[in-house]
Every structure is written in C-alpha cells, then in structure tokens.
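this one's structure only:
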C-alpha cells in the first residue's frame, strides 16, 4: 500500500528540468514530491533550497528530517525513515545533502530504490554540488532526473552580473545607472555571496530610489575574488583592464607565478590546437568537444581563435617559455611584468 501510494504520487507529476528563476512559479502551481538541486554557487543553491522548504512548510509539511551523506553515512537509515510514518505530522520534508556529489555504490542503489517508492505525504529535497558528466549519466542521477524536478544552478557569468545586481537592487526598491552597476559588478566579481551581502548593506545605508556612483563607491568593499582561470579568460577575451586588475590581485594574494603561468600557457595551447584542427577541416563543434569547452566559454574561445593568428599564438607560447625560465632563475626579468606583457599580446591582435 505504501509503495503504491508513493508511485501514484510520483506518476501524477510530470518530471522536468527548470531554471532557478522558474522555481518560484513552479512551486506556486504544484509542489513536487522530489526536487534535486545541483551546482557550484552556494548562494543560489541555498536560496533555491530555502524557497522549496518555505513553500513546503506553508503547505503543511511541518516536520523536517535532515540527512547529510558523509563517508560513514548509513544508507539504511534513509530507507528506514522513508518507510516510517511521522509521529508528529502527516506531512514532512526529507532534506538529503550529498556534499561530495558522489553517493558511492551503496548510495546509488539506495537512491534508485528511493525514487522507485517515494514516501507519501513527503517532499524530498536532494542537494548536490556541481557534478561531472559521468555522474550526470549515472543510473542514480537518471533516477532523480526521471522522478522529480531537477534544477541546475550555474554561476552568474560576468556579462550578466550587472543585470543580476540590478534585479537584486529592485527587490529593495533601489536602482543605479548602468556604469554604476558595472562598477559594482567589478567590485564583487567571483564572490556572489559577498555581492549579496554588499547589496543588502546598501538597503541599510540608503533609502529607496536611485543610488549614485559615489554612494556605492563609498559603501562597497572590493570583495572580488579572482583566480587564475578568470585571468586566462580575460587574456583570451583581450580585456587588458580586467587582465591587469586580476593579475595585480593574484600578485597581492601571493599566488605562485608558476601556477598562473601553467594556466595561461595551457589556454594558449588550446587556441593553437583549435587553429590546427580548423586548418585540417575539422568541424568546430568536434574541436570544442575534444577540448572540453562548454557553454558560454565556446563563444569566448571562438572569438579569440578568429582574432589571433597561429604565428602570434606560437610566439606567445615562446614568451611563456621565457617566463618559465625566469621563474626558475635561469633567465633575467621581472616575472610579473612579463606575465602582464603576455596578456597584452592578445590585445594587440585585435
């Protein structure tokens, strides 16, 4: 009877993938018995989970059981809880968190079995980090995918960050001009949680209405968190201002030059490989797949390929080799200035 009831509940709901900004509308229409959230942006992941839990509580799912899957987790406890009737409420939330994104062999089987017999009067929320392609194709994830709502949460890309900030400001009845929004985006890039906190701080400091550049400049800390991959992104995008700013930040943080150089050199080699592939007549889609370049990054890489010559890329790689010799003490030069000049090579090609 328990299994039949759970299956009936699951069958009555059409499974789907939805975007994070569609979650609110979906919850207003119908609360699904199973939600799976995954992604590598903690702020957005937490907000989506909070929204699901809040909506479920409003609908009478008063009790909540939390399961955190650590290396010693006993999966039989989950199955026992699923098969047990609640002592305090006839509706409950099963909050299952898998921080590693890898349930293991036992966990995979347990998830598949759980999806085949969802507990009645229960909203199950499963939270995962960003997971790789192998996990996306695994049976346990496919079971989640075909049983409930799946929400993939991606980081906010730099190009849309000003719009995201604008939307957040609008929630607190504030706004700013485009150049001010861009300044704020540059100040918080790479650290969405800090961006959220800075936006909330503006609501405490200033009344509703249009915020001036000086107001935001005086209130917002420089909380941008750069890394070497953002530096390589700025390099191939031929953005000298952003490249030099990130490089200065990495220098100030004491990031090891060999690590930075390794990432930059690999990005140059990637562009060279794609050039050779195109010259050999290979389809660009195949080259991107072979290079493991996905999503919005494809556009950035293709723009860089079109705007650079193979000869200039090979010279850039020779420049990287020179910087490597400087880092090893077998050549003279200022390693940070040389890395700056390496990035500026791409600007000269435009």
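That came through, no problem. Only a predicted model underlies this, so the values are computations on that prediction, with no experimental measurement involved. Numbers count the residues shown, from 1 in each chain.

what ranges does the stretch 101-250 of the chain have for its helices?
Applying DSSP state H, counting those that start in this stretch to the stretch 101-250 of the chain gives helices spanning 104-116, 133-136, 139-147, 161-171, 178-188, 192-205, 213-219, 228-236, 240-252.

which one of those lies closest to residue 287?
Closest approach to residue 287 among these (Cβ to Cβ): helix 228-236, 15.1 Å. C-beta coordinates here come from the backbone N, C-alpha and C atoms, glycine included.

elements contacting the closest one?
Using 3 or more Cβ pairs under 8 Å, 6 or more residues apart in numbering; DSSP states H and E, the elements in contact with helix 228-236 are helix 240-252, helix 257-279, helix 297-307, helix 335-348.

now find how far off-centre that helix is within its chain.
Centre-to-centre, helix 228-236 and its host chain are 17 Å apart (Cα atoms, centre = their mean, to the nearest Å).

what's it in contact with?
If you take Cβ atoms under 8 Å, 6 or more residues apart in numbering as the criterion, helix 228-236 is touched by 189-190, 242-243, 246-247, 250, 255, 259-260, 263-264, 266-267, 271, 297, 300-301, 303-304, 342-343, 346.

try it again at 6 Å.
Here helix 228-236 makes contact (Cβ atoms under 6 Å, 6 or more residues apart in numbering) with 242, 243, 246, 260, 263, 264, 267, 304, 343, 346.

and those, which is closest to residue 157?
Proximity of these to residue 157 (Cβ to Cβ) peaks at residue 242, which lies at 13.5 Å.

okay, now the residue nearest to the closest one when sequence neighbours are not counted: neighbour count?
Nearest residue to residue 242, sequence neighbours excluded (Cβ to Cβ, 6 or more residues apart in numbering): residue 234, at 4.3 Å. For residue 234, the neighbour count with other Cβ atoms under 10 Å is 23.

least trustworthy helix or strand in this structure by mean pLDDT?
Sorted by mean pLDDT, DSSP states H and E, the helices and strands of the chain end with helix 2-11, the least confident at a mean of 39.

for the helix or strand that comes right after that helix, the averaged confidence score.
Counting by DSSP states H and E, the element after helix 2-11 in chain order, helix or strand, is strand 16-18. Here strand 16-18 scores 85 as its mean pLDDT.

low-confidence ranges, the stretch 251-350 of the chain, go.
349-350 (pLDDT under 70).

what is the most widely separated pair among the contacts of helix 228-236?
Maximum pairwise distance in these, criterion Cβ to Cβ, is 18.3 Å, between 260 and 304.

that older thread, wait, which of the helices of the stretch 101-250 of the chain is closest to residue 310?
In terms of Cβ to Cβ, the element of the helices of the stretch 101-250 of the chain nearest to residue 310 is helix 228-236, at 14.7 Å.

okay, buried residues for the closest one please.
Residues of helix 228-236 classed as buried: 228, 230, 231, 232, 233, 234, 235, 236 (neighbour count, 16 or more other Cβ atoms under 10 Å).

again, but for stretch 258-266
260, 261, 264, 265.

go on, stretch 19-26?
20, 23, 26.

give me the contact list for that stretch.
Residues outside stretch 19-26 that contact it (Cβ under 6 Å, 6+ apart) are 18, 44, 48, 151, 153.

buried subset of the residues you listed as a PyMOL selection?
The following PyMOL line selects those of the contacts of stretch 19-26 that are buried, judged by 16+ other Cβ under 10 Å:
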select buried, resi 44+48+151+153
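
tell me the two of the contacts of stretch 19-26 that are most distant?
Top of the distance list for those (Cβ to Cβ): 18 and 44, 13.5 Å.

kindly report the domain assignment for this protein.
Segmentation of the chain into domains, based on automatic domain parsing, reads 2-153, 158-219, 228-348.

what about residue 333, how many neighbours?
When neighbours are counted by other Cβ under 10 Å, residue 333 registers 13.

for the residue nearest to residue 242, give its distance to residue 28.
For residue 234, the distance to residue 28 (Cβ to Cβ, to the nearest Å) stands at 40 Å.

now do residue 90
Here the criterion is Cβ to Cβ. By it, residue 90 lies 23 Å from residue 28.

between these two, who's got more neighbours?
When neighbours are counted by other Cβ under 10 Å, residue 90 and residue 28 differ, and residue 90 comes out ahead with 12 against 9.

show the contacting residues for that one.
With Cβ under 6 Å, 6+ apart, residue 90 has these contacts: residue 121.

what kind of secondary structure is it in?
When classified by DSSP: H, G, I helix; E, B strand; the rest coil, residue 90 comes out as coil.

what about residue 39, neighbour count?
Neighbour count of residue 39, defined by other Cβ under 10 Å: 19.

I meant to write residue 337 there.
Residue 337 has 12 neighbours, counted by other Cβ under 10 Å.

one more: residue 63?
Look at residue 63: counted by other Cβ under 10 Å, it has 16 neighbours.
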